[in-house]
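Asks: For reference, the sequence and a predicted model appear below.
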Amino acid sequence: MRLTAPAGTAPTVYRIEDVSEAAATAFARAVSAVLPPAAEGAAAVDGSTLVTTHAAERASETPREAFGRRVRRFAWGSVLAVVVMSVVVSVAVHPIMMIFVWILGAVAFPFAGAAVLLTPSVVERWRLPRHGITVIADYAHSAAEPNLYLYGDLDGNTRTYYDTSGSLRIEISFDPSDPGTVVRADGRGRWWQTILLLCTGGIALIALIGFLATPFMEI
């Protein structure tokens, strides 16, 4: 099939991003080389009625973009909370108490954010070996990626998993609704992550209690 603009009309150019000029030229030449020549005297066919157009949709954000957006919102919310509490304690108690607000806020909110970020990973490490799909991941023998393993999901797609064990085969468990969420089936690493989450959450809780109690302190 060869598409041409009717005589007397300007052709419509469709641009493909992230492709070099050399690659695009090579692709166009390869396509043109396999197209049969147009028959001599053949009438031009108007294919415009077969073309449909629609407004371009905004691409859905990537997990990294969503993560960055949540971190920025949490950071601005933390700053706002510290500013509001500083005003409250300076009026209700004494301006010197703002120092305690800043110190406790600098501890409470980063640790609380870390605990929130750690929680999904810890939950998946405990949940998936019991309720996920467990399969064998084979070592990929890739020189470029020595920790790469390959496994298949329920749709027959080959997916990647990274592990530093060096074993030729390992058991992994993945979420059937999101096959990209995968953990070691033997639960390796979940205990230290659980302990880290408990310590982080405990520090955040103690600091948050002190942060919220500053308006009621006396000097």
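Replies: Nice, I can see it.
Asks: Quick one: list the elements packing against the longest helix along the chain.
Replies: Of all the segments of type helix in the chain, defined by DSSP state H, the longest one is helix 98-131. Other elements packing on helix 98-131 under the criterion 3 or more Cβ pairs under 8 Å, 6 or more residues apart in numbering; DSSP states H and E are helix 63-92, strand 169-175, strand 178-184, helix 190-213. C-beta here means a position set from N, CA and C on the backbone, and glycine is covered the same way.
Asks: can you pull the buried residues of that helix?
Replies: 98, 100-101, 104-105, 107-115, 118, 122, 124-125, 128-129 (16 or more other Cβ atoms under 10 Å).
Asks: Now for the residue nearest to V82 when sequence neighbours are not counted: which residues touch it?
Replies: The spatially closest residue to V82, leaving aside those adjacent along the chain, is G105, at 4.1 Å (Cβ to Cβ, 6 or more residues apart in numbering). Applying Cβ atoms under 8 Å, 6 or more residues apart in numbering, we find G105 in contact with 78, 81-82, 85, 211.
Asks: so how far is A81 from G105?
Replies: 7 Å (Cβ to Cβ, to the nearest Å).
Asks: and if you look at P95?
Replies: Taking Cβ to Cβ, one finds P95 at 18 Å from A81.
Asks: that older thread, can you add mean neighbour count, mean pLDDT and distance to D138 and give the helices and strands packed on helix 98-131 back as TSV?
Replies: Formatted as TSV, the helices and strands packed on helix 98-131 follow (neighbours: other Cβ atoms under 10 Å; pLDDT from 0 to 100; distance: least, Cβ to Cβ, whole Å):
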stretch	mean neighbour count	mean pLDDT	distance to D138
helix 63-92	13	90	25
strand 169-175	18	93	6
strand 178-184	17	90	14
helix 190-213	15	95	23
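Asks: of all the ones you listed, which lies closest to Y162?
Replies: Nearest of the helices and strands packed on helix 98-131 to Y162, taken as Cβ to Cβ: strand 178-184 at 9.8 Å.
Asks: Next, the angle helix 190-213 makes with the closest one.
Replies: Inter-element angle recorded for strand 178-184 and helix 190-213: 100 degrees (by axes from the mean of the first three to the mean of the last three Cα atoms, to 10 degrees).
Asks: And strand 178-184, what does it pack against?
Replies: helix 98-131, strand 158-162, strand 169-175.
Asks: could these be laid out in JSON lines, adding distance to F216?
Replies: Shown next, in JSON lines, are the helices and strands packed on strand 178-184 (distance: least, Cβ to Cβ, whole Å):
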{"stretch": "helix 98-131", "distance to F216": "12"}
{"stretch": "strand 158-162", "distance to F216": "49"}
{"stretch": "strand 169-175", "distance to F216": "45"}
